[in-house]
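Enquirer: Okay, here's the prediction I keep looking at, along with the sequence it came from:
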Amino acid sequence: MLLPSWIKTYQTAQLKGDLIAGVIVAIVLIPQSMAYGLLAGLPAEVALYSSVLPIILYAAFGSSRTLAIGPVGIMSLMTGATIAELGISNIDEVINAANTLALLTGIILLLMRAARLGSIINFLSHPVVSGFISASAIIIALSQVKHIVGLNITEGLAPYQAITHIVTQLPQGHLATSILGVCSLMLLWWFKGPLANLLKKKAFNPNSIKFISNSGPLIVAVTGTLVVYYFHLNTRFEVSVVGYIPPGLPHIILPNYDEQLFKQLLPSALLIALIGYLESVSIAKSMAGQKRQKIDANKELLGLSAANISSALSGGYPVAGGFGRSMVNFTAGANSPLASIITACLVGLTLSVLTPLFFFLPKAALSAVIIFAVLPLIDTHTLKHTWRYDRTEATLMLITFLTVLFINVESGILAGIIISIGLYLHRSSQPHIAVVGQVGNSEHYRNIKRYKVKTDKEILAIRVDENLYFANTNYLEDNIMGLVADNQSINHIVLICQSISFIDTSALQSLSDILYRLEKANIQLHLAEIKGPVMDKLKDTEFLKKIGMENIFLSTHQAITTLQARR
């Protein structure tokens, strides 16, 4: 078996950073995973099972050195919504559906890898992803408020409905649960903010500050458990707790083949696979860029596929790279996937011997962990920046955001993809076309609307800043003929092709039509600065024979000077 590349180049000097990062991420991951299991409507052990084998398998097959795999908010939200749509209540059937969803997700990612579809990430712009994640974070946070204050609110409500229910039912909230929940939120905030700042002022070691500030979720879990245990809050005040978690490592299970269940889960699995991949690769690329490392998009498909299939086989549910955990892993000094393997081992150790300690863990504390984890994902900065730079893209971001918020996650991501592609087609169907002139006595030619340039009344030089394909051929033809109609003294048109990397069959036919119409008007068409690949495609065409090689020039300057000399 071939060893992962990072093992072959591993150095002992990297071990300290990996060990520290592995421990810190485990401290964050254990309570966070249990919290995400609650979000998905699954027992805590299912979420912990999703944090052992998937992490190890991703370390073996993925390309990122610092991406932390495991249960994440958006995947948990979608998993819970998908299972809820099945209308099942038996816990064994719910777990089986979650396992099957992870298996389908892994298979879809594997098929995407076989088809080399890693570049699919390019079909979603950053504003769309940001709008999707921000809205999802709000939905996740709102879904946990009921656990914080002890309210019984129906699942699957739209955000505005959830807010209405929370506000109207707040007086009926559970007092003991509310105190626990609010105190947990305050404690998490104190660890991340005031405590971290205090330690910086006291000149603590940066690694120590990271370790202590990231220990907030664990401290909240431990403190909440001790309070419930010593004051018997679960029996005296009916505070909801995690309860019994079966001890032991996950067992390898073979999923049951249920054709009907597969058909029901397949649409959701497709979206979960796509979203998990997009989120994971975006995070991985962001961190890799800071360390001058490379991310192989197709290898990421393989790593995430292995993680999800192994999650299904070990009793878990769909997993992906988590932003919060990955940033903790990165900033804590992780140098290689060994840090993640250390994390997985610590989670496995917890499952083996520490699960009885979680019996009295209050769900309010877990909900606080979720809320605190997802709030930083609400990205207002990107909206402000995008609105200033390009209001069309900002509108696209808002549409995605509002669709996720008021309809559902699946509709939001589909709307983002469809509108992104539609926006690209609209922009490329009306390419920028510039009439250019000579800058002074140089060989440079620029847009006559932007520079003081010299032009020849008999020669019209046009630059098209887009590939030519079926969607923009009519636009190009109409512009050229319109310019000809407005300039009766034109005898030559030079089409500058420096920005054209591809000409499809429809565009080639359109160029032939333009050539024919110009010849009827006693105007000669010329081409300049054709790229090699484009020329290779044109060399055996009838169009090239008609226009003639003598009318094709290496540069715009050569074309203009040659045509002037021919007069």
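Expert: Now that the structure is in, tell me what you want to look at. No experiment lies behind these values; they were computed from the predicted model shown.

Enquirer: Show me the protein divided up by domain.
Expert: Partitioning the chain according to automatic domain parsing yields domains covering residues 15-423, 433-566.

Enquirer: Centre of the chain to the last one, how far?
Expert: In other words, domain 433-566. 40 Å (C-alpha atoms, centre = their mean, to the nearest Å).

Enquirer: so how far is Ile413 from Gly422?
Expert: Between Gly422 and Ile413 the distance, using C-beta to C-beta, to the nearest Å, works out to 15 Å. No exception for glycine: its C-beta is placed from N, CA and C like everyone else's.

Enquirer: between the two, who's got more neighbours?
Expert: Ile413 (25 against 11; other C-beta atoms under 10 Å).

Enquirer: so what's Gln293 up against?
Expert: Applying C-beta atoms under 8 Å, 6 or more residues apart in numbering, we find Gln293 in contact with Ser64, Arg65.

Enquirer: Now do Gly289, the pLDDT please.
Expert: The confidence metric pLDDT takes the value 68 at Gly289.

Enquirer: Tell me the first helix or strand C-terminal of the helix or strand encompassing Asp478.
Expert: Following DSSP states H and E, the helix or strand that holds Asp478 is helix 473-486. For helix 473-486, the following helix or strand on the C-terminal side (DSSP H and E) is strand 492-496.

Enquirer: Need the contact partners of that following strand.
Expert: Residues beyond strand 492-496 that count as contacts (C-beta under 8 Å, 6+ apart) turn out to be 436, 445, 458-464, 480, 484, 518, 523-529, 553, 556, 559-560, 563.

Enquirer: Can you tell me which of these are buried?
Expert: 436, 445, 459-464, 480, 484, 518, 523-529, 553, 556, 559-560, 563 (16 or more other C-beta atoms under 10 Å).

Enquirer: Mind checking which of the residues you listed land in helices?
Expert: With DSSP state H as the criterion, helices contain Ile480, Val484, Leu518, Thr556, Ala559, Ile560, Leu563 from among the buried ones among the contacts of strand 492-496.

Enquirer: Switch these over to CSV; also include distance to Leu19.
Expert: Converted to CSV, these look like this (distance: C-beta to C-beta, whole Å):
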residue, distance to Leu19
Ile480, 66
Val484, 72
Leu518, 72
Thr556, 61
Ala559, 65
Ile560, 67
Leu563, 71
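
Enquirer: mind checking how far His385 is from Ala394?
Expert: 9 Å.

Enquirer: When these two are compared, which one has more neighbours?
Expert: Looking at His385 and Ala394 with other C-beta under 10 Å, you find the greater number of neighbours at Ala394, namely 19 against 14.

Enquirer: does that one sit in a helix, a strand or a coil?
Expert: helix (DSSP: H, G, I helix; E, B strand; the rest coil).

Enquirer: Quick check: closest non-adjacent residue to Ser240.
Expert: Nearest in space to Ser240, with sequence neighbours left out and distances taken as C-beta to C-beta, 6 or more residues apart in numbering, is Lys363 at 4.6 Å.

Enquirer: My read is that that neighbour contacts Met34, right?
Expert: No: using C-beta atoms under 8 Å, Lys363 and Met34 do not qualify as a contacting pair, with a distance of 9.4 Å.

Enquirer: ok, these two, which is more surrounded?
Expert: A side-by-side neighbour count of Lys363 and Met34, using other C-beta under 10 Å, places Met34 first with 29 against 24.

Enquirer: Name the helix or strand for the more buried one, please.
Expert: Using DSSP H and E, the element containing Met34 is helix 15-39.

Enquirer: Report all helices and strands that whichever helix or strand comes after that helix contacts.
Expert: Read in the C-terminal direction, the helix or strand following helix 15-39 is helix 44-49, with elements assigned using DSSP H and E. Packing partners of helix 44-49 (3 or more C-beta pairs under 8 Å, 6 or more residues apart in numbering; DSSP states H and E): helix 15-39, helix 338-353.

Enquirer: one more time with 7 Å
Expert: For helix 44-49, the elements it packs on are helix 15-39, judged by 3 or more C-beta pairs under 7 Å, 6 or more residues apart in numbering; DSSP states H and E.

Enquirer: Pull out the buried positions in the helix it packs on.
Expert: The neighbour-count check on helix 15-39 (16+ other C-beta under 10 Å) flags 17-22, 24-39 as buried.

Enquirer: can you give me how far it is from the chain middle?
Expert: What separates the centre of helix 15-39 from the centre of its chain is 21 Å, taken as C-alpha atoms, centre = their mean.

Enquirer: got it, and stretch 30-48?
Expert: Distance, stretch centre to chain centre, for stretch 30-48: 22 Å (C-alpha atoms, centre = their mean).
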